[in-house]
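# Generate coordinates for the sequence data below:
(2 chains)
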Amino acid sequence: GEDVEQSLFLSVREGDSSVINCTYTDSSSTYLYWYKQEPGAGLQLLTYIFSNMDMKQDQRLTVLLNKKDKHLSLRIADTQTGDSAIYFCAEGGGATNKLIFGTGTLLAVQP
Amino acid sequence: DSGVTQTPKHLITATGQRVTLRCSPRSGDLSVYWYQQSLDQGLQFLIQYYNGEERAKGNILERFSAQQFPDLHSELNLSSLELGDSALYFCASSGGAGGTDTQYFGPGTRLTVL
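Reported below is the predicted structural model:
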């Protein structure tokens, strides 16, 4: 079946690194995505990783993919208060291009 | 700004009514997707259109329908509304129909059914 799970909440101090984790079940997913949702706003694409990659770095963001364990993580270096938001992982690209979203992780950054 | 526009931003209506949500994709994108975000169901895929044709269907109720017009904008029609239909409805667009196309999301329409 299709199921994407995330922990619900993460609290970090400003300047620390944040690691948000995600597990997924559909091994046919071609891409895995991270989206950010700020209060009252839409979904902003942060980054994505192709399923045959292990790691992707994009400025302060590092995505790690363990395909064997179907585990995806997003590391945000030097976390800022502006990073406070809900972060969704999503799998896509299988038989259709529909995205299967996780439950979202609320990241709270303490000053 | 993703380039995807949605109107209206907010919609308040009563049970039993019908509403239409509108989406304009990014310039050049041929695919439009609709998603529903609610507290109990999370973010769920509803339906995809590619170049005017229905491409994929998700957990879309029979009371809901969608279409994509020749100018590629899309409308999501919700009828016989129930309290449980209150949610944030997102539209996304991508260049093609394939499994490798990144989706860019609009700001959403918040529907409140009273």
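# Can you pull the residues of chain A lying near chain B?
With C-beta under 8 Å from any C-beta of the partner chain as the criterion, chain A meets chain B at residues A:30-31, A:33, A:35, A:41-45, A:48, A:88, A:90, A:92-104. Using the backbone N, CA and C atoms, a C-beta is placed for each residue, glycine as well.
# Show me what from chain B comes close to chain A.
So chain B meets chain A at B:2, B:31, B:33, B:35, B:42-45, B:48, B:55-56, B:58, B:90, B:92, B:94, B:97-108 (C-beta under 8 Å from any C-beta).
# Could you identify the buried members of the residues you listed?
Buried members of the residues of chain B next to chain A, scored by 16 or more other C-beta atoms under 10 Å in any protein chain shown, are B:2, B:31, B:33, B:35, B:43-45, B:48, B:55-56, B:58, B:90, B:92, B:94, B:97, B:99, B:101-108.
# Could you check how far the residue nearest to the spatial centre of chain B is from chain A?
Central residue of chain B (C-alpha atoms, centre = their mean): B:Trp34, 3.1 Å from the mean position. Per C-beta to the nearest C-beta, to the nearest Å, B:Trp34 is found 10 Å from chain A.
# And for B:Thr13?
From B:Thr13 to chain A the distance is 20 Å (C-beta to the nearest C-beta).
# now swap in B:Leu76 and tell me
From B:Leu76 to chain A the distance is 15 Å (C-beta to the nearest C-beta).
# now the end-to-end length of stretch A:61-73.
10 Å (C-alpha to C-alpha, to the nearest Å).
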